[in-house]
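>>> need a 3D model of the sequence below.
(chains A and B)
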Amino acid sequence: MIINHPLLGPRDAAEFTYLGDAGLIDRPDGMAENALPAFIDYGYLRDNVAGNHRELWFHEQGDRSWLVVTRHTVTHEITNVELASDVARKRGRSK
Amino acid sequence: MRFSGFKIIREGLSGHKGWDATWRDATPKSHYDHIIIGGGGHGLATAYYLARRYGKANIAVVEKGWLGGGNVGRNTTIIRSNYLLDGNEPFYELSLKLWEGLEQDLNYNAMISQRGILNLFHTDAQRDAYIRRGNAMLLNGADADLLTTDQIKNRYPFLNTKDARFPIKGGLAQHRGGTVRHDAVAWGYARAASLLGVDIIQNCEVTGLDIKNNKCVGVITTRGPIKGGKIACCVAGSSSRVMAMAGMRLPIESHVLQAFVSEGLKPLIPGVITFGAGHFYCSQSDKGGLVFGGDIDGYNSYAQRGNLPIVEDVCEGGMAILPNLGRLRLLRMWGGIMDMSMDGSPIIDKTPIENLYFNGGWCYGGFKATPASGLCYAHLLATDTPHETATAYRFDRFEKGLMIDEKGQGNQPNLH
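Residues are numbered from 1 along each chain as shown, chains lettered A, B, ... in the order given. Sure thing, here's the model as predicted:
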């Protein structure tokens, strides 16, 4: 697989390590009332779709940036690559 | 029809015209007491033990493709019970004992070959960990034997014991481990279950679950709706897709695992050998090809094929201990989809939906578990209580902090 890095261009997927579902960006609030069920959900439950999957890849052998990659889990086709920091900022985080 | 030596001689002399079909290809009825979703090894074993050991009747196994076309046909056929943790080892030892009696039990030649499994170690720390594991195995009634480098050299003279980076310092052997003809497992269970009246329905994909008032009352399939008493999901690899029909999210990611077969060779490797410093395991099939595999590709995938970096990684691991692999050509390679769970251990449990049961999360250790998985799942379906060796395989172990994490990797499925 080739991941089209937003800053560096097309890179071999072997340069990256994989974390999992991009939902992991949204860590629950540990002080909230429902923190326990929210963390069980965050830590252990996954949608695990057969289709387009937004997921976190880390460019370990490159510029060490985190990416949000949209990839089809049946065909392995990658349709979108964003910097995870941009995704988080769009949600009002990491300003 | 029973298989016997006498029968084979008689058929050999009369042109093999007297063999029956191995199982009945059933058409779905409108209602079953037990519907098992998934006609793989585990589903067929569940149906067999449900009928044989628990005396249940009116059972169906529904399979979306052909029988044995999923992971039971896409593995490296290894059986062993060399686990460390209390939640796992009694279960896998039960499985190995069931393997040992399986052919007589099913009256079917599954080519079970107990020529041993050898886990090599390469450092002092790894030796200590393997001694601990061996002791845990002995405490649970399994066999374990620590071999020295000389004993290993004697038995496997072709192993590279003096690799500068990863010298072989010894190994933990389980002499009762070995390999099984994987397709024969599916066919044997299917035949035995069919003879006990189980309906095996192929080309029948479940497209929906009929759930009313939090109670599962049937399945909707490509061959029409089927009502059922108890519905048992047993589709490892596709668990999340099927359970999503019941609105459930699982502690599972689906990953692709590749395996490889070389061109055929004269007998070289007895039993199974695993590399301890990378991820590589190898045995030799009865046809002569070396069957080997390694790590999963590492990203969510439902494609039954992988990518090249892992091919390279597995072959490098192989070359480190078996330099004589270097001139071999790969004959075939394939990928299977694994239910990678959050702690690397499976789930056999009820679900929050009444009459809906779940078996999955086998990571890439499902094949060896086939008989015990079937027996324990049948026990759960028949009695609504977990089998004594499967009490730890609960859904709620994650929220209760009772994970069974053999590798100690935490909730990162691609590292288990």
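>>> for residue B:292, give its distance to residue B:285.
To residue B:285, residue B:292 is 11 Å away according to C-beta to C-beta, to the nearest Å. Every C-beta, even on glycine, is put in place using the N, C-alpha and C of the backbone.
>>> of those two, who's got more company?
residue B:292 (28 against 18; other C-beta atoms under 10 Å in any protein chain shown).
>>> state the phi and psi torsions of the closest residue to the more buried one other than its chain neighbours.
Of all residues not flanking residue B:292 in the chain, residue B:282 sits nearest, at 4.0 Å (C-beta to C-beta, 6 or more residues apart in numbering or on different chains). Reported as degrees, to the nearest 10, the phi and psi values for residue B:282 are phi -150, psi 140.
>>> quickly list what residue B:282 is bridged to.
residue B:273, residue B:292 (DSSP bridges).
>>> count the residues that sit near it.
Look at residue B:282: counted by other C-beta under 10 Å, it has 26 neighbours.
>>> in the stretch 201-350 of chain B, which spans are helices?
Counting by DSSP state H, counting those that start in this stretch, one finds helices in the stretch 201-350 of chain B at the ranges B:239-244, B:308-321.
>>> need those helices in JSON lines (columns: mean neighbour count).
Below are those laid out as JSON lines (neighbours: other C-beta atoms under 10 Å in any protein chain shown):
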{"stretch": "helix B:239-244", "mean neighbour count": "22"}
{"stretch": "helix B:308-321", "mean neighbour count": "19"}
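>>> can I get those in CSV with mean pLDDT and distance to chain A?
Below are those laid out as CSV (pLDDT from 0 to 100; distance: least, C-beta to the nearest C-beta, whole Å):
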stretch, mean pLDDT, distance to chain A
helix B:239-244, 98, 4
helix B:308-321, 95, 4
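>>> which secondary structure state does whichever residue of chain A sits closest to chain B sit in?
Nearest residue of chain A to chain B (C-beta to the nearest C-beta) works out as residue A:48 at 3.7 Å. Secondary structure for residue A:48, judged by DSSP: H, G, I helix; E, B strand; the rest coil, is coil.
>>> which regions of chain A sit below the pLDDT cut-off?
A:94-95 (pLDDT under 70).
>>> beta-bridge partners for the residue nearest the centre of it, please?
Centroid-nearest residue in chain A, with C-alpha atoms, centre = their mean: residue A:56, separated by 2.3 Å. Note on residue A:56: beta-bridge partners by DSSP bridges are residue A:20, residue A:68.
>>> am I right that it is in contact with residue A:70?
No - the criterion here is C-beta atoms under 8 Å, and residue A:56 misses it with residue A:70 at 11.4 Å.
>>> is chain B within reach of the biggest helix by length in chain A?
If you go by DSSP state H, chain A has its longest helix at helix A:35-44. Yes - remark: helix A:35-44 sits within contact range of chain B at A:40-41, A:43-44, by C-beta under 8 Å from any C-beta of the partner chain.
>>> of those, which is the most crowded?
Neighbour max across the residues of helix A:35-44 next to chain B (other C-beta under 10 Å) = residue A:44, 20 neighbours.
>>> isn't it up against residue B:342?
Yes - the pair residue A:44 / residue B:342 is scored as a contact, 4.9 Å apart, by C-beta under 8 Å.
>>> mutual contacts of the two, please.
Both residue A:44 and residue B:342 are contacted by B:251, B:398, B:411, under the criterion C-beta atoms under 8 Å, 6 or more residues apart in numbering or on different chains.
>>> look up phi and psi at the first one.
The reference is to residue B:251. Phi and psi for residue B:251, reported as degrees, to the nearest 10, are phi -80, psi 50.
>>> list the contacts of it.
A:44-46, B:341-343, B:347, B:361, B:395, B:398, B:411.
>>> roughly how far apart are the residue of chain A most remote from its centre and residue B:72?
For chain A, the largest distance from the centre (C-alpha atoms, centre = their mean) belongs to residue A:33, which lies 26.4 Å off. Distance, residue A:33 to residue B:72, using C-beta to C-beta: 46 Å.
>>> need the contact partners of stretch B:6-23.
Around stretch B:6-23, the neighbours that count as contacts under C-beta under 8 Å, 6+ apart are B:1, B:67, B:187, B:190-191, B:193-194, B:200.
>>> domain parsing of chain B, as residue ranges.
Listed domain ranges for chain B are B:5-77+B:182-251+B:344-415, B:112-178+B:253-341 (source: automatic domain parsing).
>>> need the winner for burial among those.
Per-stretch averages of neighbours, counted by mean count of other C-beta atoms under 10 Å in any protein chain shown, single out domain B:5-77+B:182-251+B:344-415 among the domains of chain B, with a mean of 20.
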